[in-house]
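*Asks:* structure of the sequence below:
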Amino acid sequence: MSNKVKMRNKFIFSINPKKYVYLNKEKLSKAFLYVLLLSVIIGLVQGVMGAVLISGIEKTTKMILEEDEVQFEMKDGVLDFKNSPLKEEEGQALLYIDTNKDIDDLDSLRSITVHKDTVTVLLRDGFMVKSGSESVTQKYSDLGLDLINFNNDFVISIIEKLDIVKYIIIPIMIVVNFVQLLMYALFISLMGILSNLISNRKMYYNRVFNLALYSVTLPTIINLIFPIGVYSILIGGIILMFGLSFINDNYLKQTIDRE
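*Replies:* Take a look at the predicted model:
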């Protein structure tokens, strides 16, 4: 086999510990390039999925805001909901909008809200949010909403102007993945060093870290399908330890053959 391993083969070899014998011959700079390429691929997939999700949310939000039943206006910190009062329930969740009432009238709504675990109440001058036994009550003016006037059309125009923001997700995800994979490789390499100490194998740290950069491949793929978090380090560490073992066995075999 050629000393140079093609990028396609690196991907296949990285999830097969027996092939780490070949990856061990690769330069560290090429391992970094491999992780960068992997980050680009994963970042593109995650970024596109995120952009599609945001597009769906944008479309749904615009459709809702264009309906006559949800026309509203916020002016000088006072909310005017045209179809007030409105009551929407789903299981233990409740959304109640009544812009004919103020924060001071919350007690009169207790019979409506007391039996629900998750409650959002929008009133003329403020709102109340409850989750379990905890609740927060706030006036719109306390949040600075008395300084800006807006309605459905204004919110829709903002959504349309910010539409391009969703595409920024792709480069962000690429950078985040690259940094995350480097951190995973660092911790995985420590597992490799521990394995070498236990097995009394001698290998420079830069070679161990080099292989750790490849060992992040399988946990990264799994994480894309099913989030496994820090278990990525464990899976990558196991792959690396087996890889180091096969490298050592191959070295001993070659030594014996030369003798």
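
*Asks:* use CA for all of it now, contacts and neighbours both
*Replies:* Will do.

*Asks:* tell me the helix or strand right after the helix ranked longest in the chain.
*Replies:* With residue count as the measure and DSSP state H as the assignment, the chain has helix 28-65 as its longest helix. Proceeding C-terminally, helix 28-65 gives way to strand 72-75 as the next helix or strand, assigned by DSSP states H and E.

*Asks:* rounded mean pLDDT for that following strand, please.
*Replies:* pLDDT averaged over strand 72-75 equals 91, rounded to a whole number.

*Asks:* packing partners of it?
*Replies:* The helices and strands touching strand 72-75, judged by 3 or more Cα pairs under 8 Å, 6 or more residues apart in numbering; DSSP states H and E, are strand 78-81, strand 150-151.

*Asks:* right, and the helix or strand after the shortest one?
*Replies:* Looking back up the chat, that one is strand 150-151. Heading C-terminal from strand 150-151, the first helix or strand you meet, by DSSP H and E, is helix 152-161.

*Asks:* and the helix or strand that that following helix is followed by, what's buried?
*Replies:* Stepping forward along the backbone from helix 152-161, the first helix or strand reached (DSSP H and E) is helix 169-199. Residues of helix 169-199 classed as buried under the neighbour-count rule (16 or more other Cα atoms under 10 Å) are 169-170, 173-174, 177-178, 181-182, 184-193, 195-196.

*Asks:* just to revisit the earlier point, pull out the buried positions in the longest helix of the chain.
*Replies:* Of the residues in helix 28-65, 28, 31-32, 34-36, 38-40, 42-48, 50-51, 54, 58, 62, 65 count as buried by neighbour count, 16+ other Cα under 10 Å.

*Asks:* which strands and helices sit next to that helix?
*Replies:* Contacts defined by 3+ Cα pairs under 8 Å, 6+ apart place helix 28-65 against helix 152-161, helix 169-199, helix 205-215, helix 217-225.

*Asks:* now the ones you listed as TSV including mean pLDDT and distance to L79?
*Replies:* As requested, these are arranged in TSV below (pLDDT from 0 to 100; distance: least, Cα to Cα, whole Å):
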stretch	mean pLDDT	distance to L79
helix 152-161	87	12
helix 169-199	93	33
helix 205-215	94	55
helix 217-225	92	43
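
*Asks:* who are the contact partners of the nearest residue to S195 once chain neighbours are set aside?
*Replies:* Excluding the flanking residues, the one nearest S195 by Cα to Cα, 6 or more residues apart in numbering is M241, at 6.3 Å. When the contact criterion is Cα atoms under 8 Å, 6 or more residues apart in numbering, the partners of M241 are 191-192, 195.
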